[in-house]
Structure formats: C-alpha cells, structure tokens
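Engineer: pasting the structure only:
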C-alpha cells in the first residue's frame, strides 16, 4: 500500500515574516526633555555666535538633523539613551561624559597619577581639611611588610607588589569609615585594583606637564633624572602616554601645572563640591 508523501515542512519564520515591533512613541515627558535639549543647543549656539550652518559644518552633523534638534524633534536614539539612564538610576550626562560616573558617596577620596603631580601635598591638606585619615599606599605596604619598596620589588616583582598593594587598599577600605588615599603611580594600570578603587572611592587624577613632573621629582631630592635628563624625559613621556588611558578613567581630573599648591588645593575643593 503506497503512502502519500508528507507535505514539506514550513520553514521557520524569518525576520521578514515576523510582525514589526511597534516603536515606542514619545510621551509628554519625552517631548519636554527634547524641548529642554533644543533650548540648550540654541542657547549654546547663540553664546558662541554661530549660525546653524556654521555649527552643522563644524560638528559634521547634517543641517536637517541639527534643525530637528533645535526644533525639539530629536533623534529617537536620544530618548533611548535617556530611558536607559533612567533605568540605571543615573543622569544621561554621566553616560555621555568621558569621565566615569561619580559614586554617590564620597567617604573615600583617592588620588591617582604619576609622581610629582602633587598627590602627597594635596592629599595631606585634603585629609586635614576633612578631618579624616590620610594613607599613602606605598608607605603602608612598606610598613606592613617591613621592607622598602625597592626590596619588595626585588623579592616579589611587580605582580607581587601589586598584590600587596591591593591587600593594603582593601584593609584601608574595610577598617576606616572615611579616608583620603594616595596611590602609587602604577596602581591605575592594575586590572584588579583600579576597578576596586573606582567602585569604592571618588577618584581624582592629578596630572601635570612632563617638565613639571620632572622638576618636582628633582625638588623632592631625587637627583637621578639629572644624570641622563634626555633619556629620563623620554622615559617619563612614555610612561605618561602608556598610563593615560587608565588615569582618564578617574571620576575627576585636575591639572596642577603652573599652579601653587594653594591654587591647586582650592581647585580640588571646588571639584569635590560640584554636584
């Protein structure tokens, strides 16, 4: 007895066969946000004294898109970003900023950057101003392990020292309610320690020009760079270039070049007081 052939199975539904998703339409709150954004753009353009054509050319944005923005009809992607930020409980500016989002609590303030940026000077003044302990992680490591930084590096190498440094940082965070923390110049490049620092503290990158970094190190009594100044400066610039992507992850940035300690301290306080 012959069997009739089975009908061929239907292919699974592809993207073209599925009903299109409905795009969420802007609500009154979204429309109000776009109007505020439009007003900010128009005001900023007016302050600059630029025409819409000039701004479009300078920004590489089409004149049509810019007109829509200034007319309160922004691209849906803007609203998508705003909704994501709302779901995360952060301000949309925090997602767009090149700096890390600031933690809500400022119990711990950590200063990162290369030697000579002013970490010790500003860190001690800030701790005294806030009435909290001041910790230099390098000195804390030396005290805990009973050896100098050079001896620890010789015995355990960079990986061993970074491990000790991370352990001391965890101890400081666990045993203190508040503190100002000065970190070593290389801590920011440690993939395990930097995320901890960014999560648990308000982190400030103190930076200066290579010339000022060098001069401040010499002023601190370290005359080794003078022996081969050209090679030392080249090495310093190489280190700065290599570490800058890590330093830039700090929540706040402060350039101390060409400023007295008092001027830099005043700017640091102003940075910390901003919302």
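Structural biologist: Happy to help now that I have it. Please read these numbers as outputs of a predicted model, since none were measured by experiment.

Engineer: any regions of the chain where pLDDT drops low?
Structural biologist: The chain contains residues with pLDDT under 70 at 1-30, 33, 47, 74-76, 79-83, 85-105, 220-230, 275.

Engineer: tell me which other helices or strands the helix ranked longest in it touches.
Structural biologist: For the chain, the longest helix by residue count, based on DSSP state H, is helix 149-175. Packing partners of helix 149-175 (3 or more CB pairs under 8 Å, 6 or more residues apart in numbering; DSSP states H and E): helix 137-145, strand 179-182, helix 193-200. Heads up, the C-betas are built off the backbone N, CA and C, glycines and all.

Engineer: which parts of the first one are buried?
Structural biologist: So the one you mean is helix 137-145. The neighbour-count check on helix 137-145 (16 or more other CB atoms under 10 Å) flags 137, 138, 140, 141, 142, 145 as buried.

Engineer: contacts for that helix, please.
Structural biologist: 148-149, 152, 161, 164-165, 168-169, 172, 181-184, 187 (CB atoms under 8 Å, 6 or more residues apart in numbering).

Engineer: got JSON lines for those residues, with neighbour count too?
Structural biologist: As requested, these are exported to JSON lines (neighbours: other CB atoms under 10 Å):
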{"residue": "148", "neighbour count": "12"}
{"residue": "149", "neighbour count": "14"}
{"residue": "152", "neighbour count": "20"}
{"residue": "161", "neighbour count": "21"}
{"residue": "164", "neighbour count": "18"}
{"residue": "165", "neighbour count": "21"}
{"residue": "168", "neighbour count": "21"}
{"residue": "169", "neighbour count": "25"}
{"residue": "172", "neighbour count": "19"}
{"residue": "181", "neighbour count": "28"}
{"residue": "182", "neighbour count": "25"}
{"residue": "183", "neighbour count": "25"}
{"residue": "184", "neighbour count": "21"}
{"residue": "187", "neighbour count": "22"}
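
Engineer: what's the closest of these to residue 214?
Structural biologist: Checking the contacts of helix 137-145 against residue 214 by CB to CB gives residue 184 as the nearest, at 18.0 Å.

Engineer: so the closest one, which state does it fall into?
Structural biologist: Classification of residue 184 using DSSP: H, G, I helix; E, B strand; the rest coil returns coil.

Engineer: can you verify my assumption that it contacts residue 165?
Structural biologist: Yes: Residue 184 sits in contact with residue 165 when judged by CB atoms under 8 Å, with a separation of 6.6 Å.

Engineer: picking up where we left off before, among the helices and strands packed on helix 149-175, which is nearest residue 36?
Structural biologist: Taking those one by one with CB to CB, helix 193-200 is closest: 30.2 Å.

Engineer: thanks again, I'm all set now.
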